[in-house]
Structures are given as structure tokens and as C-alpha cells.
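Novice: Need a 3D model of the following:
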Amino acid sequence: MTKITIIGAGNMGGALARGLAEGSLVGAAGLTVSNPSRDKLNALKADYPEMTVTTDNTQAVQGADFVILAVKPWKMSEVICQIVPFLDLQRQAVVSVAGGMGTEQITALFRQAGASSLPALYYLIPNTAVAVRSSMTLMTSVRSTPERDELLCSIFKELGDALFVEERQMYGGMILASCGIAFVMRYLRAMTEGGVQLGYYPDDALKIVMQTMKGAVDLLQERGGHPEVEIDRVTTPGGITIRGLNAMECAGFSNSVIEGLLACLPDDRK
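Specialist: Here you go, the predicted structure:
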């Protein structure tokens with residue numbers, strides 16, 4: 001059984017713990033979660049009695065195959081300094097899910113902490129849907145092996161889907177997959193409000209829109225086509241769909257989406 005330790009039980013750490021506990025490759029029995037306060041740990045333990053929980057990071061990392069650092073970027077140095085003496089740097093791999101902190105920055109923190117050698121290191125960007133095993137997780141690694149990469153990718157594919165990319169693509173992936181959750185929710189909200197204007201109660205409108213969105217995704221996944229192909233299937237000459245699409249484009253729909261994505265880039269990448 002693969003053993004994973006998660007340091008941090010906040011929004012992302014807690015979501016990862018719940019997702020991994022439901023999977024078959026790790027499961028609750030293969031998980032240890034460490035957090036400074038007990039409330040979040042107690043909630044996890046209540047739902048998953050086989051999970052190990054602790055407030056001691058140094059105890060938590062011992063024996064793990066992968067140590068996931070799910071703490072805020074400004075806490076990363078403190079945590080790494082704390083755990084380095086207790087890691088088997090030749091055997092254990094370290095996984096960071098701190099958005100915006102790449103492998104070079106994490107490697108530098110290990111050096112500053114006096115690490116005798118450098119571990120296999122992963123930088124992951126999951127999204128909050130990992131809690132319901134429907135995340136899109138982007139991954140990159142240094143000092144690892146193809147076998148270890150394949151194992152970690154398989155673990156996260158149980159939580160939705162996972163894709164290894166070049167590290168230079170990780171920031172853009174964070175915008176698409178992590179920020180993207182909020183962008184999709186905003187689209188759902190707009191469609192629901194439109195549904196109310198069309199005469200539906202909000203709950204019914206939301207139900208219709210969510211199932212329609214799911215159906216659109218399922219069509220693309222099943223047929224492997226391009227969105228425009230599926231648009232053509234429902235867009236008849238002179239019909240209502242093309243009128244709606246043209247009105248949306250006239251209001252700047254596609255451009256506003258692209259501009260929203262680009263606005264997330266730091267100034268030096270625009």
C-alpha cells in the first residue's frame with residue numbers, strides 16, 4: 001500500500017485527504033494528516049476512522065512514500081525546516097501544492113534547511129473538486145523516476161484526471177484548472193439568473209443548467225471532437241441557437257473569457 005502524509009488540513013489539504021481516502025490506491029488506512037489545530041483533524045477522523053491524524057509534523061512524515069505539503073507559501077520554509085531532519089531524502093518524495101511556488105523555490109528551501117541531499121520533488125496544482133474526486137490536477141517533477149511519476153499520476157487520476165506538463169505551463173494551468181472552478185461557477189450563476197428571467201425557479205434553472213453542462217462535457221469526452229463540431233450539431237440556419245450565440249459574442253462573451261484568463265497572469269508574463 002502506498003502511504004501518503006498530508007501536512008495541512010485547510011481547504012486544499014482537507015480536500016486532498018477526503019479524496020485520497022475514497023480512492024483504492026491509498027485509502028484512509030494509507031493516509032496520515034497533520035495540522036496544528038485539532039478541529040479539522042477530528043472532523044476527518046470522524047468520517048474516516050482508519051486515517052491517522054496528528055499535530056506533530058515530524059511524526060507524521062516518518063514512513064510515508066509521498067509527503068504532501070499543503071500549507072500556505074509563507075509557511076513553507078518553516079515546515080520544511082521542521083521536517084527535513086526526519087525525512088528519508090533518498091526514499092521519500094515531497095509534493096508541493098502551494099500555488100505559484102515552483103520546484104526551484106522549494107528546492108532552495110530544502111537547501112536553506114540544511115538538507116543533506118535533495119528529494120524527488122513534485123509541484124502539483126489540483127483544484128477543490130478533488131474532494132469529490134473530480135479534480136483536474138496538473139503535475140511536474142524533478143529528480144524523480146518514470147515509475148514514481150506513473151504511480152503519483154495514477155493516484156491523482158483516481159481523484160478526477162491528472163496530466164504531467166512542463167513546469168513553464170504550470171502557471172497557465174493553475175488559471176485554467178484552479179481559478180477555472182470559479183469561472184465555471186460564475187457562468188453557471190449567469191445561466192441560472194437567465195433561467196429565472198425565462199420563467200424558472202432558481203433551483204430548477206440551476207438543475208437544468210448543471211445537467212446541460214455535464215451533458216456537453218460527456219459529449220466531448222465520448223466523441224473526442226471539438227466544441228465547435230457539437231455547436232454545429234445544434235445550430236440550425238436561422239434558428240434560435242445561432243441568434244443566442246451571436247448576441248453573446250456581440251456582448252463580448254469569448255473575448256471576456258480570454259481577457260479574464262489573461263488578467264490572472266502576473267505583469268511580467270503578459
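
Novice: Which residues are in contact with the spatially closest residue to Tyr48 that is not a sequence neighbour?
Specialist: In this structure, Tyr48 finds its nearest non-sequential neighbour in Ala28, 3.9 Å apart by C-beta to C-beta, 6 or more residues apart in numbering. C-beta: built from backbone N, CA, C; applies to glycine. Residues near Ala28 by C-beta atoms under 8 Å, 6 or more residues apart in numbering: 21, 48-51.

Novice: Restricted to helices, list these.
Specialist: Ala21 (DSSP state H).

Novice: Top of the contacts of Ala28 by number of neighbours, please.
Specialist: Met51 (22 neighbours; other C-beta atoms under 10 Å).

Novice: was I right about that residue contacting Leu31?
Specialist: Yes. Between Met51 and Leu31 there is a contact at 4.9 Å, judged by C-beta atoms under 8 Å.

Novice: one step back: ok, which pair from the contacts of Ala28 is furthest apart?
Specialist: With C-beta to C-beta as the measure, no two of the contacts of Ala28 lie farther apart than Ala21 and Pro49, at 10.5 Å.

Novice: the longest strand in this protein is where?
Specialist: With secondary structure taken from DSSP state E, the chain has its longest strand at strand 135-142.

Novice: can you give me the offset of that strand from its chain's centre?
Specialist: 8 Å (C-alpha atoms, centre = their mean, to the nearest Å).

Novice: That one - contacts with which helices or strands?
Specialist: The elements that strand 135-142 packs onto, with contact taken as 3 or more C-beta pairs under 8 Å, 6 or more residues apart in numbering; DSSP states H and E, are helix 103-112, strand 120-125, helix 146-157, strand 160-164, helix 170-173.

Novice: Figure out which of these is closest to Val209.
Specialist: strand 160-164 (20.9 Å).

Novice: The closest one pairs with which strands?
Specialist: strand 135-142 (parallel) (DSSP bridges).

Novice: Ramachandran coordinates for the spatially closest residue to Leu87 that is not a sequence neighbour?
Specialist: Spatial nearest neighbour of Leu87, excluding adjacent residues (C-beta to C-beta, 6+ apart): Val61 at 5.8 Å. With angles defined as degrees, to the nearest 10, Val61 sits at phi -80, psi -20.

Novice: Just confirm Leu118 contacts Gln112, I think it does.
Specialist: No. Contact criterion C-beta under 8 Å: Leu118 and Gln112 do not qualify, at 12.0 Å.

Novice: Helix or strand for Thr5, just tell me which one.
Specialist: strand 4-7 (DSSP states H and E).
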